[in-house]
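Peer 1: Sequence and predicted model, in that order:
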Amino acid sequence: MTRIAFIADIHHGRDVMTKKSSLGLPLLARFADFVRQERPDIVIDLGDRISDENRERDLLLERQVAEAFKAIDVPVFHLNGNHDRDFLEVADNEQILGQSLGHQIVDLGEWQVILWRADTHIHRLETHSTFRLADGDLEWLAAQMKALLKPTVIATHVPLSGQSQTSNYYFENNPHIARYPETAEIQAVVRAAKVPVICISGHVHWNTLTFVDGIPHVTLQSLTETFTTMPEAAEAWGVLDLGDMVRWSAFGRQRFGFEVDAASTAQRWPQPHGNFHEMRRKAMAAAAL
(Lines give C-alpha, C1' and ligand atoms only; values in the text may rest on other atoms or scores of the structure.)
Protein backbone atom coordinates (compact mmCIF):
# COMPACT_ATOMS: atom_id res chain seq x y z
CA MET A 1 0.00 0.00 0.00
CA THR A 2 1.26 3.45 -0.96
CA ARG A 3 0.14 6.43 1.13
CA ILE A 4 0.36 10.13 0.24
CA ALA A 5 -0.64 13.02 2.49
CA PHE A 6 -1.82 16.26 0.89
CA ILE A 7 -2.21 19.81 2.14
CA ALA A 8 -3.57 22.72 0.12
CA ASP A 9 -4.01 26.47 0.24
CA ILE A 10 -2.37 27.21 3.58
CA HIS A 11 -2.63 30.94 2.83
CA HIS A 12 -0.30 32.01 5.64
CA GLY A 13 -0.56 35.78 6.19
CA ARG A 14 -3.30 38.25 6.98
CA ASP A 15 -6.95 37.20 7.18
CA VAL A 16 -8.64 37.89 3.83
CA MET A 17 -12.37 37.53 3.10
CA THR A 18 -13.34 34.07 4.40
CA LYS A 19 -9.76 32.85 4.88
CA LYS A 20 -8.40 32.69 8.44
CA SER A 21 -4.88 33.01 7.10
CA SER A 22 -3.51 33.99 10.51
CA LEU A 23 -4.06 30.35 11.54
CA GLY A 24 -1.93 29.02 8.68
CA LEU A 25 1.21 28.23 10.68
CA PRO A 26 -0.51 26.80 13.79
CA LEU A 27 -2.66 24.53 11.61
CA LEU A 28 0.38 23.52 9.54
CA ALA A 29 2.02 22.45 12.81
CA ARG A 30 -1.01 20.21 13.49
CA PHE A 31 -0.61 18.70 10.04
CA ALA A 32 3.06 17.99 10.80
CA ASP A 33 1.95 16.15 13.96
CA PHE A 34 -0.53 14.14 11.87
CA VAL A 35 2.21 13.18 9.40
CA ARG A 36 4.50 12.02 12.21
CA GLN A 37 1.71 9.80 13.50
CA GLU A 38 0.43 8.41 10.17
CA ARG A 39 3.80 8.07 8.39
CA PRO A 40 2.79 8.55 4.73
CA ASP A 41 5.40 7.79 2.08
CA ILE A 42 5.44 11.42 0.93
CA VAL A 43 3.68 14.74 1.47
CA ILE A 44 2.45 16.93 -1.39
CA ASP A 45 1.78 20.64 -0.87
CA LEU A 46 -0.69 21.70 -3.58
CA GLY A 47 0.25 25.38 -3.44
CA ASP A 48 -1.03 28.77 -2.32
CA ARG A 49 1.18 28.69 0.75
CA ILE A 50 0.57 32.41 1.41
CA SER A 51 -1.94 35.22 1.07
CA ASP A 52 0.02 37.59 -1.14
CA GLU A 53 0.61 41.27 -0.26
CA ASN A 54 3.77 42.54 -1.97
CA ARG A 55 7.12 41.15 -2.98
CA GLU A 56 9.00 41.89 0.25
CA ARG A 57 6.22 40.63 2.48
CA ASP A 58 5.61 37.54 0.32
CA LEU A 59 9.26 36.52 0.51
CA LEU A 60 9.03 36.63 4.30
CA LEU A 61 5.75 34.70 4.40
CA GLU A 62 7.07 32.00 2.07
CA ARG A 63 10.20 31.62 4.21
CA GLN A 64 8.09 31.21 7.32
CA VAL A 65 6.03 28.46 5.67
CA ALA A 66 9.18 26.74 4.39
CA GLU A 67 10.58 26.75 7.92
CA ALA A 68 7.38 25.21 9.27
CA PHE A 69 7.55 22.39 6.71
CA LYS A 70 10.91 21.36 8.20
CA ALA A 71 8.98 19.74 11.05
CA ILE A 72 7.85 17.07 8.57
CA ASP A 73 10.35 14.21 8.35
CA VAL A 74 9.11 12.49 5.18
CA PRO A 75 9.84 13.80 1.67
CA VAL A 76 7.77 16.90 0.86
CA PHE A 77 7.02 17.99 -2.70
CA HIS A 78 5.70 21.49 -3.35
CA LEU A 79 3.63 23.03 -6.15
CA ASN A 80 3.11 26.73 -6.68
CA GLY A 81 -0.34 28.26 -6.49
CA ASN A 82 -1.38 31.59 -7.97
CA HIS A 83 -0.80 33.42 -4.67
CA ASP A 84 2.77 32.11 -4.60
CA ARG A 85 3.24 33.75 -8.00
CA ASP A 86 1.50 37.13 -7.79
CA PHE A 87 4.68 38.95 -6.71
CA LEU A 88 7.22 36.12 -6.80
CA GLU A 89 8.86 34.15 -9.59
CA VAL A 90 9.18 30.38 -9.74
CA ALA A 91 12.88 30.84 -9.01
CA ASP A 92 12.08 32.72 -5.79
CA ASN A 93 9.98 29.83 -4.56
CA GLU A 94 12.61 27.30 -5.61
CA GLN A 95 15.29 29.12 -3.64
CA ILE A 96 13.12 29.34 -0.53
CA LEU A 97 11.88 25.75 -0.66
CA GLY A 98 15.19 24.23 -1.70
CA GLN A 99 13.79 22.20 -4.58
CA SER A 100 13.14 22.47 -8.30
CA LEU A 101 9.57 23.41 -9.15
CA GLY A 102 9.49 22.14 -12.71
CA HIS A 103 7.41 19.18 -13.87
CA GLN A 104 8.44 16.00 -12.09
CA ILE A 105 7.67 12.29 -11.77
CA VAL A 106 7.99 10.66 -8.34
CA ASP A 107 8.33 6.86 -8.38
CA LEU A 108 6.56 5.19 -5.46
CA GLY A 109 6.92 1.57 -6.51
CA GLU A 110 3.66 0.19 -7.89
CA TRP A 111 2.35 3.75 -8.32
CA GLN A 112 3.87 7.02 -9.42
CA VAL A 113 3.02 10.69 -9.06
CA ILE A 114 3.14 13.26 -11.83
CA LEU A 115 3.70 16.70 -10.33
CA TRP A 116 2.37 18.78 -13.20
CA ARG A 117 3.60 22.19 -12.19
CA ALA A 118 1.88 24.08 -14.99
CA ASP A 119 2.01 27.87 -14.84
CA THR A 120 -0.21 29.22 -12.05
CA HIS A 121 0.31 32.94 -12.57
CA ILE A 122 -3.01 34.73 -13.11
CA HIS A 123 -2.84 37.14 -16.04
CA ARG A 124 -4.93 40.19 -15.18
CA LEU A 125 -6.01 41.71 -18.48
CA GLU A 126 -8.15 44.77 -19.16
CA THR A 127 -11.33 42.78 -19.75
CA HIS A 128 -10.77 39.67 -17.62
CA SER A 129 -8.31 37.59 -15.63
CA THR A 130 -7.13 34.16 -16.72
CA PHE A 131 -4.65 31.37 -16.25
CA ARG A 132 -2.54 30.48 -19.25
CA LEU A 133 -0.40 27.40 -19.81
CA ALA A 134 3.25 28.17 -20.46
CA ASP A 135 4.98 26.94 -23.60
CA GLY A 136 5.71 23.25 -23.23
CA ASP A 137 3.35 22.57 -20.30
CA LEU A 138 0.75 20.63 -22.29
CA GLU A 139 3.33 18.94 -24.51
CA TRP A 140 5.20 17.62 -21.48
CA LEU A 141 2.03 16.18 -19.96
CA ALA A 142 0.99 14.62 -23.27
CA ALA A 143 4.33 12.84 -23.59
CA GLN A 144 4.03 11.44 -20.07
CA MET A 145 0.46 10.23 -20.52
CA LYS A 146 1.34 8.37 -23.71
CA ALA A 147 4.27 6.66 -22.01
CA LEU A 148 2.56 5.64 -18.76
CA LEU A 149 3.35 2.10 -17.64
CA LYS A 150 2.07 2.16 -14.06
CA PRO A 151 -0.88 3.61 -12.13
CA THR A 152 -0.50 7.35 -11.71
CA VAL A 153 -1.58 10.23 -9.50
CA ILE A 154 -1.60 13.63 -11.22
CA ALA A 155 -1.12 16.45 -8.70
CA THR A 156 -1.84 20.04 -9.74
CA HIS A 157 -2.78 23.31 -8.09
CA VAL A 158 -5.57 24.21 -10.54
CA PRO A 159 -8.24 21.51 -11.06
CA LEU A 160 -8.33 19.77 -14.43
CA SER A 161 -11.98 18.67 -14.26
CA GLY A 162 -13.67 21.89 -15.34
CA GLN A 163 -16.21 21.21 -12.59
CA SER A 164 -19.19 23.44 -11.83
CA GLN A 165 -18.49 26.21 -9.33
CA THR A 166 -22.14 26.75 -8.36
CA SER A 167 -22.33 27.99 -4.73
CA ASN A 168 -18.55 28.33 -4.43
CA TYR A 169 -17.86 31.54 -2.49
CA TYR A 170 -14.92 32.53 -4.68
CA PHE A 171 -15.59 30.98 -8.05
CA GLU A 172 -19.32 30.87 -8.82
CA ASN A 173 -18.95 34.34 -10.31
CA ASN A 174 -15.34 33.80 -11.39
CA PRO A 175 -15.29 30.36 -13.06
CA HIS A 176 -12.68 31.51 -15.59
CA ILE A 177 -10.03 31.48 -12.85
CA ALA A 178 -11.11 28.11 -11.43
CA ARG A 179 -9.71 26.29 -14.45
CA TYR A 180 -7.31 26.64 -17.35
CA PRO A 181 -8.77 27.94 -20.62
CA GLU A 182 -7.11 24.88 -22.15
CA THR A 183 -9.11 22.48 -19.95
CA ALA A 184 -10.62 20.59 -22.91
CA GLU A 185 -7.18 20.02 -24.40
CA ILE A 186 -5.80 18.92 -21.03
CA GLN A 187 -8.63 16.43 -20.57
CA ALA A 188 -8.02 14.99 -24.03
CA VAL A 189 -4.39 14.44 -23.09
CA VAL A 190 -5.22 12.79 -19.75
CA ARG A 191 -7.83 10.59 -21.44
CA ALA A 192 -5.02 8.92 -23.42
CA ALA A 193 -3.80 7.10 -20.30
CA LYS A 194 -4.21 3.32 -20.47
CA VAL A 195 -3.52 2.79 -16.76
CA PRO A 196 -5.34 3.77 -13.55
CA VAL A 197 -5.25 7.53 -12.97
CA ILE A 198 -6.51 9.87 -10.26
CA CYS A 199 -6.16 13.67 -10.28
CA ILE A 200 -5.76 15.69 -7.05
CA SER A 201 -5.78 19.49 -6.83
CA GLY A 202 -6.45 22.43 -4.54
CA HIS A 203 -7.20 26.07 -5.45
CA VAL A 204 -11.01 26.05 -5.35
CA HIS A 205 -11.37 25.79 -1.56
CA TRP A 206 -13.80 22.91 -1.21
CA ASN A 207 -13.87 19.12 -1.02
CA THR A 208 -15.26 17.62 -4.22
CA LEU A 209 -15.17 14.52 -6.40
CA THR A 210 -15.85 14.74 -10.15
CA PHE A 211 -15.43 11.97 -12.73
CA VAL A 212 -14.25 12.91 -16.23
CA ASP A 213 -13.80 10.12 -18.80
CA GLY A 214 -13.86 7.60 -15.93
CA ILE A 215 -11.02 9.37 -14.10
CA PRO A 216 -11.70 10.68 -10.57
CA HIS A 217 -10.78 14.32 -10.01
CA VAL A 218 -10.54 15.32 -6.35
CA THR A 219 -10.24 18.82 -4.92
CA LEU A 220 -9.01 19.36 -1.36
CA GLN A 221 -10.35 22.12 0.86
CA SER A 222 -8.01 24.90 1.99
CA LEU A 223 -6.41 24.51 5.41
CA THR A 224 -7.65 27.95 6.50
CA GLU A 225 -10.92 28.43 4.57
CA THR A 226 -14.16 29.02 6.49
CA PHE A 227 -16.95 29.33 3.92
CA THR A 228 -17.96 25.65 4.19
CA THR A 229 -17.35 25.42 7.95
CA MET A 230 -18.36 28.87 9.24
CA PRO A 231 -17.18 30.38 11.48
CA GLU A 232 -14.19 28.07 11.96
CA ALA A 233 -11.33 27.25 9.61
CA ALA A 234 -11.73 23.95 7.79
CA GLU A 235 -8.40 22.57 9.13
CA ALA A 236 -8.38 20.31 6.08
CA TRP A 237 -5.79 17.90 4.77
CA GLY A 238 -6.08 14.65 2.84
CA VAL A 239 -4.66 11.15 2.60
CA LEU A 240 -4.62 9.01 -0.53
CA ASP A 241 -4.14 5.25 -0.07
CA LEU A 242 -3.15 3.48 -3.26
CA GLY A 243 -3.36 -0.22 -4.03
CA ASP A 244 -5.95 -2.36 -5.81
CA MET A 245 -8.42 0.11 -4.33
CA VAL A 246 -7.95 3.88 -4.33
CA ARG A 247 -9.11 5.45 -1.06
CA TRP A 248 -9.32 9.20 -0.42
CA SER A 249 -9.87 10.63 3.05
CA ALA A 250 -10.21 14.35 3.73
CA PHE A 251 -9.78 15.29 7.38
CA GLY A 252 -10.78 18.39 9.32
CA ARG A 253 -14.12 19.99 10.13
CA GLN A 254 -15.77 18.67 6.98
CA ARG A 255 -14.67 15.08 6.57
CA PHE A 256 -15.11 13.55 3.17
CA GLY A 257 -13.98 10.34 1.51
CA PHE A 258 -14.55 7.76 -1.18
CA GLU A 259 -13.02 4.61 -2.58
CA VAL A 260 -12.95 3.20 -6.06
CA ASP A 261 -11.49 0.12 -7.72
CA ALA A 262 -8.20 1.30 -9.22
CA ALA A 263 -8.69 -0.77 -12.37
CA SER A 264 -11.97 1.02 -13.13
CA THR A 265 -10.13 4.34 -13.47
CA ALA A 266 -8.30 2.94 -16.50
CA GLN A 267 -11.59 2.34 -18.35
CA ARG A 268 -12.51 5.33 -20.49
CA TRP A 269 -16.15 6.19 -20.87
CA PRO A 270 -17.80 6.62 -24.29
CA GLN A 271 -17.72 10.10 -25.71
CA PRO A 272 -20.94 11.99 -24.88
CA HIS A 273 -23.96 11.59 -27.16
CA GLY A 274 -24.67 14.25 -29.75
CA ASN A 275 -27.29 16.98 -29.36
CA PHE A 276 -30.70 15.27 -29.45
CA HIS A 277 -32.55 18.24 -30.95
CA GLU A 278 -29.99 18.70 -33.71
CA MET A 279 -29.98 14.99 -34.54
CA ARG A 280 -33.79 14.95 -34.73
CA ARG A 281 -33.80 18.03 -36.94
CA LYS A 282 -31.32 16.43 -39.35
CA ALA A 283 -33.28 13.16 -39.39
CA MET A 284 -36.52 14.97 -40.22
CA ALA A 285 -34.80 16.96 -42.95
CA ALA A 286 -33.38 13.78 -44.46
CA ALA A 287 -36.78 12.05 -44.32
CA ALA A 288 -38.38 14.96 -46.19
CA LEU A 289 -36.09 14.53 -49.20
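Peer 2: Thanks, I have the structure now.

Peer 1: okay, which residue is most central for this protein?
Peer 2: residue 201 (1.3 Å; Cα atoms, centre = their mean).

Peer 1: Contact partners for that residue?
Peer 2: By Cβ atoms under 8 Å, 6 or more residues apart in numbering, the contact set of residue 201 is 8, 46, 155, 156, 157, 158, 159, 160, 217, 218, 219, 220. C-beta here means a position set from N, CA and C on the backbone, and glycine is covered the same way.

Peer 1: Would you check how far apart it and residue 61 are?
Peer 2: Between residue 201 and residue 61 the computed distance is 22 Å (Cβ to Cβ, to the nearest Å).

Peer 1: wouldn't residue 243 be in contact with residue 109 here?
Peer 2: No - shown here, residue 243 and residue 109 do not form a contact pair, counting by Cβ atoms under 8 Å, at 10.6 Å.

Peer 1: SS state for the residue found closest to residue 54 once you drop the neighbours it is linked to in the chain?
Peer 2: Nearest residue to residue 54, sequence neighbours excluded (Cβ to Cβ, 6 or more residues apart in numbering): residue 87, at 5.8 Å. The three-state assignment at residue 87 reads coil, by DSSP: H, G, I helix; E, B strand; the rest coil.

Peer 1: Next one: residue 87 from residue 20, what distance?
Peer 2: From residue 87 over to residue 20 (counting by Cβ to Cβ), the distance is 22 Å.

Peer 1: which stretches of this protein form helices?
Peer 2: 24-38, 55-69, 90-97, 137-147, 183-191, 276-287 (DSSP state H).

Peer 1: Quick check: which of the ones you listed is nearest to residue 263?
Peer 2: Distance to residue 263, taken as Cβ to Cβ, is lowest for helix 183-191 among the helices of the chain, at 16.7 Å.

Peer 1: Let me know the angle separating the closest one from helix 137-147.
Peer 2: Going by axes from the mean of the first three to the mean of the last three Cα atoms, to 10 degrees, helix 183-191 is angled at 20 degrees with respect to helix 137-147.

Peer 1: residues in contact with helix 183-191?
Peer 2: 138, 141-142, 145, 154, 160-162, 180, 197, 199, 212-213, 215, 268.

Peer 1: and the residues you listed, which are buried?
Peer 2: Buried members of the contacts of helix 183-191, counted by 16 or more other Cβ atoms under 10 Å: 138, 141-142, 145, 154, 160-162, 180, 197, 199, 212-213, 215.

Peer 1: Turn those into TSV, columns for pLDDT and distance to residue 96.
Peer 2: Shown next, in TSV, are the buried ones among the contacts of helix 183-191 (pLDDT from 0 to 100; distance: Cβ to Cβ, whole Å):
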residue	pLDDT	distance to residue 96
138	99	27
141	99	26
142	98	30
145	97	31
154	99	25
160	99	27
161	98	30
162	97	32
180	99	25
197	99	31
199	99	27
212	98	34
213	97	37
215	98	33
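
Peer 1: what's around residue 74, how many residues?
Peer 2: Neighbour count for residue 74, taken as other Cβ atoms under 10 Å: 15.

Peer 1: Same question for the one 5 residues further on.
Peer 2: Around residue 79 there are 26 other residues, counting by other Cβ under 10 Å.

Peer 1: For it, which non-adjacent residue is closest in space?
Peer 2: Nearest residue to residue 79 in three dimensions, chain neighbours excluded: residue 47, at 4.3 Å (Cβ to Cβ, 6+ apart).

Peer 1: do the same with residue 119
Peer 2: Spatially, and ignoring its direct neighbours in sequence, residue 119 is nearest to residue 134 (4.1 Å; Cβ to Cβ, 6+ apart).

Peer 1: Wait, that neighbour touches residue 120, no?
Peer 2: No - counting by Cβ under 8 Å, residue 134 does not reach residue 120; the two are 9.8 Å apart.

Peer 1: Let me know the closest of the contacts of residue 201 to residue 78.
Peer 2: Using Cβ to Cβ, those come closest to residue 78 at residue 46, 8.7 Å.

Peer 1: which parts of stretch 188-202 are buried?
Peer 2: Using 16+ other Cβ under 10 Å as the test for burial, stretch 188-202 gives 189, 190, 191, 193, 195, 196, 197, 198, 199, 200, 201, 202.

Peer 1: Need the max-distance pair from the residues you listed.
Peer 2: 195 and 202 (24.0 Å).
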